[in-house]
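Asker: Dropping a prediction and its sequence here:
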Amino acid sequence: MILAVSLISPAFMTATASDYKPSPEIIKSQEEFAKDRFGIFIHWGIYSMFAQGEWYLNYGPHADEYAKAAKGFYPVNFNASDWAKAIRGSGAKYICFTTRHHDGFSMFDTDQNDYNIVDGTPFGRDVLKELSEACRENDLSLHLYYSHLDWLREDYPRGRTGKTTGRQGGMENWETYSKFMDAQLTELLSNYGPVRAVWFDGWWDHDEDPEPFDWHLDEQYALVHSLQPACLVGNNHHQNPFPGEDIQIFERDVPGENTAGYSEQDISRLPLETCQTMNGMWGYKVEDTNYKSVPALVRYLVKTAGQGANLLLNIGPQPDGSLPEEALDRLRGIGEWMDVYGETIYGTTASPFGNKEWGTSTRKGNTLYIHIMDSEKADDILIPFEGLPGAKLKSAGLFDNNAKVKFSKEKEGYRLHVGDIPEDKIDHIVVLEFI
Ligand code: GLC
């Protein structure tokens, strides 16, 4: 009898999860999410004080020593409104904030333990509360990053990371750990107004287990959806999406590429998001000043949109609570570009022919925006017929001044004769209208 139950229940769970059908509220959120095309990721925690990135605890310190940082965490320059305004100024439409990272420290007011920004630091302010209000005031949607893994808690069933943090072992207890997570998710989805997405991370901690590890995601996703029916679920597990997920996340690569090694998964039909760093690290790292330039970041955003995905671009705020000057400079630069060219990005869908050496395209209705981002490779632009937004190309003109661009019809597609492109141009945009 007991055997029968244990055999039946996993199959039953799978059946339940695979029946997942997004609700009308979720479908609406998915549509809004996909229109946004650009968000800002924020990795901020007590790890920022060590200025070695958010994985610092994994690389040496004992968790008790590490925890002492909390007692000195007083980010005197934190101002949620300043963050939100700078982020809004970049043209981003949402913020994804790290509520609890792998180090187990909660950056919000939680009753589940004292290791959090309100009870465990002299600062004592609920930064998430302030940020959620600033988001509402600045018309930004709020997404919450939440780590599934915990390098601190004894009841977390240990995985392949966080082995040197001083956990004793032998006290692993999925029941209490999952209760803890559920209680925190309930707080996050009850106390901060509308949350448009929960962004899970850490699944991969158990990807080398001899037996597949059961994270009970279906129950957890159901909890999220029951607490906020419009809240999207995403999980940075680098696998094909699991039932119950509403967006698909790619780490450090636009969908379809795999330069970083995290993206062997297929591209699903879910709304897509690529997360990427502005420099090299997620959390603040003092040596990491290798920021990508504004043109490089804009081109990455355009390329991501060309693949039909949002870009979630990361900033690691400093220990004092301010955003690094280099990041503010990038936000301003991207914002200036988006002010002029945003309509070729927001609300668009993927390029019918993918990304090319010279650039990509984005589509809105019967319009195709041709983004030429490498002028040296742009002498010969062929737009293949397949997937074009209309039977006939009616007109081609420059986005900047409507100047006509010549084109000819060939066997495989339309050939654009773009002429000289100014070399310093970030993105030379030709607008194609189809009928
Ligand atoms: C990886 C890293 C994690 C980071 C995340 C952001 O999962 O382990 O530290 O928060 O990527 O995409």
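Answerer: Arrived safely, thanks for sending. Residues are numbered from 1 along each chain as shown.
Asker: from here on, contacts and neighbour counts on C-alpha atoms
Answerer: Will do.
Asker: give the contact list for whichever residue of the stretch 301-435 of the chain sits closest to the ligand.
Answerer: Evaluated by C-alpha to the nearest ligand atom, the stretch 301-435 of the chain has residue 314 as its residue closest to the ligand, separated by 8.4 Å. Shown in contact with residue 314 (C-alpha atoms under 8 Å, 6 or more residues apart in numbering): 40, 41, 42, 43, 275, 276, 277, 278, 282.
Asker: For the residue nearest to it when sequence neighbours are not counted, which three-state class applies?
Answerer: Distance criterion C-alpha to C-alpha, 6 or more residues apart in numbering; nearest residue to residue 314, sequence neighbours excluded, is residue 41 at 4.3 Å. Three-state call for residue 41 (DSSP: H, G, I helix; E, B strand; the rest coil): strand.
Asker: Around residue 41, how many other residues sit close by?
Answerer: Using other C-alpha atoms under 10 Å, residue 41 has 23 other residues around it.
Asker: what's the spacing between it and the ligand?
Answerer: Residue 41 sits 8 Å away from the ligand, taking C-alpha to the nearest ligand atom, to the nearest Å as the criterion.
Asker: what does residue 258 give?
Answerer: In terms of C-alpha to the nearest ligand atom, residue 258 sits 14 Å off from the ligand.
Asker: Flag the shaky bits of the stretch 301-435 of the chain, pLDDT-wise.
Answerer: Regions of the stretch 301-435 of the chain meeting the criterion pLDDT under 70 are absent.
Asker: List the buried residues in stretch 214-224.
Answerer: By 16 or more other C-alpha atoms under 10 Å, the buried positions in stretch 214-224 come out as 217, 218, 220, 221, 222, 223, 224.
Asker: Please state the offset of it from the chain centre?
Answerer: 20 Å (C-alpha atoms, centre = their mean, to the nearest Å).
Asker: Stretch 187-196 too?
Answerer: Put simply, stretch 187-196 sits 18 Å off its chain's centre (C-alpha atoms, centre = their mean).
Asker: likewise stretch 341-360?
Answerer: Relative to its chain's centre, stretch 341-360 lies at 19 Å (C-alpha atoms, centre = their mean).
Asker: Next: stretch 137-156.
Answerer: How far stretch 137-156 lies from its chain's middle: 13 Å, per C-alpha atoms, centre = their mean.
Asker: Show the average pLDDT along that stretch.
Answerer: In this model, stretch 137-156 has an average pLDDT of 98.
Asker: begin at 851 from here
Answerer: Yep, numbering from 851; the last one is stretch 987-1006 now.
Asker: okay, it in CSV with CA atoms only?
Answerer: Listed next in CSV are the C-alpha coordinates belonging to stretch 987-1006 (Å, rounded to 0.1, in the frame of the first residue of the first chain):
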residue,chain,number,x,y,z
GLU,A,987,5.8,56.4,-8.6
ASN,A,988,8.0,56.1,-11.6
ASP,A,989,5.8,53.7,-13.5
LEU,A,990,8.2,50.8,-13.3
SER,A,991,7.1,47.2,-12.8
LEU,A,992,8.7,45.3,-10.0
HIS,A,993,10.2,41.8,-10.4
LEU,A,994,11.7,39.9,-7.4
TYR,A,995,14.7,37.7,-7.6
TYR,A,996,14.6,34.9,-5.1
SER,A,997,17.3,32.2,-4.6
HIS,A,998,16.2,28.7,-4.2
LEU,A,999,19.5,27.7,-2.7
ASP,A,1000,20.9,28.9,0.6
TRP,A,1001,24.5,28.6,1.7
LEU,A,1002,23.6,29.3,5.3
ARG,A,1003,20.6,27.3,6.4
GLU,A,1004,21.2,23.9,7.9
ASP,A,1005,17.8,22.6,6.6
TYR,A,1006,18.6,23.5,3.0
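Asker: Show me which residues of that stretch are buried.
Answerer: For stretch 987-1006, the neighbour count (16+ other C-alpha under 10 Å) marks 988, 990-1006 as buried.
Asker: who in the stretch 901-1050 of the chain is up against the ligand?
Answerer: By the rule C-alpha under 6 Å from any ligand atom, the part of the stretch 901-1050 of the chain lying against the ligand is residue 904.
Asker: show me where the stretch 901-1050 of the chain has helices.
Answerer: Ranges of helices within the stretch 901-1050 of the chain are 913-921, 930-939, 977-987, 1024-1040, based on DSSP state H, counting those that start in this stretch.
Asker: quick one: buried residues of the shortest one?
Answerer: Of the residues in helix 913-921, those with enough neighbours to count as buried (16+ other C-alpha under 10 Å) are 913, 916, 917, 919, 920.
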